[in-house]
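K.L.:
got a predicted structure here, sequence first:
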Amino acid sequence: NAGVMQNPRHLVRRRGQEARLRCSPMKGHSHVYWYRQLPEEGLKFMVYLQKENIIDESGMPKERFSAEFPKEGPSILRIQQVVRGDSAAYFCASSPPSFQETQYFGPGTRLLVL
Amino acid sequence: AQSVSQHNHHVILSEAASLELGCNYSYGGTVNLFWYVQYPGQHLQLLLKYFSGDPLVKGIKGFEAEFIKSKFSFNLRKPSVQWSDTAEYFCAVNAGRGSTLGRLYFGRGTQLTVWP
């Protein structure tokens, strides 16, 4: 049973470019969460999605960031016009359709903005 | 807003020493509690979790944690650490209900280094 998959594992972008981070949840999981980890900090919640629905995006910056989880395919976290402060590790987690279920994490995408 | 505090940022122990990592949270309602571990170069893995019932929870690799509701704490323990326990440990809390359902709040993490 494959775990949560994220790609790419490492991503380098120059300021102003776009970054697209992908997350494929575990089989049977319909809930996806994105978290960001800045250096020397814990993981911070960004967004919670179900298939074709954004449930909670209160942790997302208001500008430049967006997320989707289409009916088919992986969840995408998109960062437009990246800035150096976006450099961080971005983790995706998935869970089955119950709020009491454990979230299982992917390996993360390390984004570096030059 | 909820917050999670891990008081020790870096702990250094010798093999066979006992371990206790502190975790406190600020939320007055029903909570679900987790400890995750991140070994070097790997992703976060679940060590143990508490949803309800016996407040002493046993996890993988000999770890356990005790939920003390009156102290808002969920400390992680292991009686005898091994070199292979070297990793970063994260405490996380999830509100049992309400608008933040689903969201995990994480502590900053504790880096454990075990010397052989």
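P.N.:
Received the coordinates, thanks.
K.L.:
grab the nearest non-local neighbour of A:Glu68.
P.N.:
Nearest residue to A:Glu68, sequence neighbours excluded (C-beta to C-beta, 6 or more residues apart in numbering or on different chains): A:Ile76, at 5.3 Å. To be clear about C-beta, it is placed using only N, CA and C from the backbone, and glycine gets the same treatment.
K.L.:
what's the strand or helix carrying that neighbour in contact with?
P.N.:
Applying DSSP states H and E as the criterion places A:Ile76 in strand A:75-79. Outside strand A:75-79, the residues that touch it by C-beta atoms under 8 Å, 6 or more residues apart in numbering or on different chains are A:18-25, A:32, A:34, A:46-47, A:49, A:64-69, A:86, A:90, A:92, A:111.
K.L.:
returning to what we had before: beta partners of the residue nearest to A:Glu68?
P.N.:
Assessed by DSSP bridges, A:Ile76 has beta-bridge partners A:Arg22, A:Glu68.
K.L.:
for the helix or strand just after the strand holding A:Ile76, packing partners?
P.N.:
Helices and strands here follow DSSP H and E; after strand A:75-79, the next one along the chain is strand A:88-95. Secondary-structure packing of strand A:88-95 (3 or more C-beta pairs under 8 Å, 6 or more residues apart in numbering or on different chains; DSSP states H and E): strand A:5-7, strand A:19-24, strand A:31-37, strand A:75-79, strand A:104-105, strand A:109-113.
K.L.:
again, only this time at 10 Å
P.N.:
Packed against strand A:88-95 by the contact rule (3 or more C-beta pairs under 10 Å, 6 or more residues apart in numbering or on different chains; DSSP states H and E) you find strand A:5-7, strand A:19-24, strand A:31-37, strand A:43-50, strand A:75-79, strand A:104-105, strand A:109-113.
K.L.:
buried residues in the second one?
P.N.:
Of the residues in strand A:19-24, those with enough neighbours to count as buried (16 or more other C-beta atoms under 10 Å in any protein chain shown) are A:19, A:21-24.
K.L.:
give me the contact list for it.
P.N.:
With C-beta atoms under 10 Å, 6 or more residues apart in numbering or on different chains as the test, strand A:19-24 has contacts from A:2-8, A:11-13, A:32-34, A:49, A:64-65, A:67, A:69, A:73-82, A:86, A:90-94, A:106, A:108-109, A:111-113.
K.L.:
just the buried residues of those.
P.N.:
By 16+ other C-beta under 10 Å, these give A:3-4, A:6, A:11, A:13, A:32-34, A:49, A:65, A:67, A:69, A:74-77, A:79, A:82, A:86, A:90-94, A:106, A:108-109, A:111, A:113 as buried.
K.L.:
wait, A:Gly28 sits on A:Pro96?
P.N.:
Yes: with contacts counted by C-beta atoms under 10 Å, A:Gly28 reaches A:Pro96, the gap being 6.2 Å.
K.L.:
so those two - more neighbours on which side?
P.N.:
Remark: of A:Gly28 and A:Pro96, A:Pro96 carries more neighbours, 15 against 10, as counted by other C-beta atoms under 10 Å in any protein chain shown.
K.L.:
and that one, what is it in contact with?
P.N.:
So A:Pro96 contacts A:25-26, A:28-31, A:102-104 (C-beta under 10 Å, 6+ apart).
K.L.:
do that again at 6 Å, thanks
P.N.:
With contact set as C-beta atoms under 6 Å, 6 or more residues apart in numbering or on different chains, A:Pro96 has these partners: A:His29.
K.L.:
same question, A:Lys44
P.N.:
A:Lys44 makes contact with A:Arg36, according to C-beta under 6 Å, 6+ apart.
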